[in-house]
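Student: Test case, fold it:
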Amino acid sequence: MAFGGSPMHTQHTDEAEPSVSDISGWLAAIRERRATIGIIGLGYVGLPLALTTAKAGFKVLGFDINLTYVDQLNRGESYIQHISSDHVAEALARKRLEATTDFERLDEPDAILICVPTPLTKHREPDLSFVESSARMIARRLRPGQLIVLESTTYPGTTAEVLKPIFEATGLTSGTDFFLAFSPEREDPGNPAFSTSTIPKVVGGDGPAALALADALYSQLVVQTVPVSSAATAEAVKLTENIFRAVNIALVNELKVVYAAMGIDVWEVIDAAKTKPFGFMPFYPGPGLGGHCIPIDPFYLTWKAREYDITTRFIELAGEINTRMPYHVVDRLAEAVDQTGRAFSGSRILIVGIAYKKNVGDMRESPSLKLIELIEARGAQVDYFDPYIPVIPVTREHAGLAGRCSVDLNAATLAAYDAVLVATDHDTVDYRLIADHARVVVDTRNVFQRAGIHSDRIAKA
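Tutor: Numbers count the residues shown, from 1 in each chain. Just a heads-up that it's a prediction; the model follows:
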């Protein structure tokens with residue numbers, strides 16, 4: 001099968017790369033690490049992927065619109081807390097990584113991996129603007145023989161229905177002139193047990209040639225690939241993984257409220273239930289959902305399902321339960337303050353943890369931002385402490401909170417607040433200090449019980 005009738009792009013070296021005129025030659029170029037890999041989006045997904053790809057021996061050209069990020073990477077510095085600058089510096093020293101804001105260079109890579117955000121609009125509809133703008137920039141420089149892989153989470157059909165028409169408008173044909181695939185990211189920032197290279201990778205292509213090429217590429221990067229029959233199937237796999245989590249988290253959040261009314265500790269229930277060696281998987285309640293995946297991905301499917309006149313009631317109910325959890329937490333916090341004899345309106349509240357999950361500096365969709373707004377709407381004053389986020393950056397939904405700074409955590413600081421709300425259970429926080437000096441504590445993560453710290457001033461929410 002002809003590989004677009006064009007040789008692999010020649011890099012700016014003294015010696016031209018060997019020509020690759022068919023798929024077998026392209027596969028050989030991957031095995032021999034002669035292919036250049038482009039990555040669009042150098043955030044929490046793109047940067048780990050870029051470093052993994054460079055470590056595997058490929059030359060990586062990273063694209064991002066953020067000039068600050070690009071300059072930092074080219075100086076050998078990481079801007080993501082859980083990614084070491086040493087790994088960036090090593091890739092640079094081996095001349096395997098370069099970052100740029102010049103999207104006119106998109107004709108240089110032999111494969112382009114798209115790792116850009118796919119948020120929701122205010123009406124909970126998919127916002128594919130970042131994906132579409134990336135595709136249009138690729139199309140301007142698209143050349144025969146390139147492989148393009150979308151990694152951003154999206155609804156089934158995006159690769160074929162959105163990307164493919166943009167690329168084929170150039171006059172090139174998918175499957176013969178260029179190759180198109182989908183392989184969903186599976187990053188879990190801050191998880192020490194898994195990294196990009198140790199997580200199996202699902203791969204689906206627009207036709208057998210695209211699947212073969214994408215599978216060959218990722219086989220050099222990760223411990224295992226999982227080829228599926230189509231790009232739409234791969235898109236559905238990613239949604240299914242996160243819908244599964246969202247629904248089960250909603251279930252335990254609802255059980256928490258019910259059991260609390262009965263005087264039963266849901267954390268004790270879950271710990272006992274998970275001793276069953278089959279048929280049960282533990283999920284844990286919290287103050288709400290955060291991160292780029294679980295609060296967003298399920299609604300990509302509910303939106304797409306409407307095209308088929310199908311109502312996804314189960315998914316939508318889970319979303320409703322999870323989005324109501326911050327309101328429940330604030331009610332519980334108000335009760336705890338009231339029980340001390342102080343009025344909630346006019347009180348001072350310290351939130352511990354502004355990140356959406358423990359041990360990372362990632363604030364995407366963090367429920368803590370919603371908690372601050374709800375608490376302040378009821379007349380209280382809120383400060384926060386987070387060792388990973390010294391200043392709240394600008395966010396789409398909570399721009400008014402940008403610029404607030406983390407306070408110091410010490411005995412005098414704690415004593416100045418009417419209540420402390422633990423929203424994120426970072427391991428580096430001194431919870432004994434909080435228990436000893438806070439007037440009242442509301443714990444949404446069961447962190448004190450897990451640490452063996454008990455006090456009448458600690459309440460759960």
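Student: how many other residues sit next to F314?
Tutor: The tally of other residues near F314 (other Cβ atoms under 10 Å) stands at 13. Bear in mind the C-beta positions are built from the backbone N, C-alpha and C, glycine included.
Student: D456 too?
Tutor: 6.
Student: Same question for E161.
Tutor: E161 has 11 neighbours, counted by other Cβ under 10 Å.
Student: same check, this time on the one 4 residues further on
Tutor: A count of nearby residues for P165, using other Cβ under 10 Å, gives 12.
Student: Now do the phi/psi pair for it.
Tutor: phi -60, psi -40 (degrees, to the nearest 10).
Student: for the chain, what spans make up the strands?
Tutor: Ranges of strands in the chain, per DSSP state E, are 36-40, 59-63, 97-100, 111-114, 147-150, 179-182, 201-205, 225-227, 348-352, 381-385, 419-422, 441-443, 458-460.
Student: These: lowest mean pLDDT?
Tutor: The minimum mean pLDDT among the strands of the chain belongs to strand 458-460 (a mean of 94).
Student: Now do that strand: distance to the chain's middle.
Tutor: Put simply, strand 458-460 sits 30 Å off its chain's centre (Cα atoms, centre = their mean, to the nearest Å).
Student: What pairs with it, parallel or antiparallel?
Tutor: Strands that pair with strand 458-460, judged by DSSP bridges, come out as strand 441-443 (parallel).
Student: Other residues contacting the partner strand?
Tutor: Applying Cβ atoms under 8 Å, 6 or more residues apart in numbering, the external contacts of strand 441-443 come out as 329, 332-333, 336, 419-422, 434-435, 448-449, 455, 457-461.
Student: want to try a markdown table for the strands of the chain, with mean neighbour count and distance to A318 as columns?
Tutor: Listed next are the strands of the chain as a markdown table, based on neighbours: other Cβ atoms under 10 Å; distance: least, Cβ to Cβ, whole Å:
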| stretch | mean neighbour count | distance to A318 |
| --- | --- | --- |
| strand 36-40 | 26 | 32 |
| strand 59-63 | 24 | 36 |
| strand 97-100 | 22 | 38 |
| strand 111-114 | 26 | 28 |
| strand 147-150 | 28 | 26 |
| strand 179-182 | 28 | 25 |
| strand 201-205 | 25 | 23 |
| strand 225-227 | 17 | 26 |
| strand 348-352 | 23 | 25 |
| strand 381-385 | 19 | 28 |
| strand 419-422 | 26 | 24 |
| strand 441-443 | 25 | 24 |
| strand 458-460 | 19 | 22 |
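Student: pLDDT at T13, what is it?
Tutor: pLDDT, read off for T13, is 38.
Student: same deal with P18?
Tutor: Looking at P18, its pLDDT is 32.
Student: Show me the shaky parts of the protein.
Tutor: 1-22 (pLDDT under 70).
Student: And the residue nearest the centre of it?
Tutor: H292 (4.4 Å; Cα atoms, centre = their mean).
Student: Let me see the contact set for that residue.
Tutor: By Cβ under 8 Å, 6+ apart, the neighbours of H292 are 44, 117, 119, 153, 364-365.
Student: Put together a markdown table for the strands of the chain, with distance to K304 on each row.
Tutor: Formatted as a markdown table, these follow (distance: least, Cβ to Cβ, whole Å):
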| stretch | distance to K304 |
| --- | --- |
| strand 36-40 | 23 |
| strand 59-63 | 28 |
| strand 97-100 | 34 |
| strand 111-114 | 19 |
| strand 147-150 | 15 |
| strand 179-182 | 14 |
| strand 201-205 | 16 |
| strand 225-227 | 22 |
| strand 348-352 | 36 |
| strand 381-385 | 37 |
| strand 419-422 | 37 |
| strand 441-443 | 38 |
| strand 458-460 | 38 |
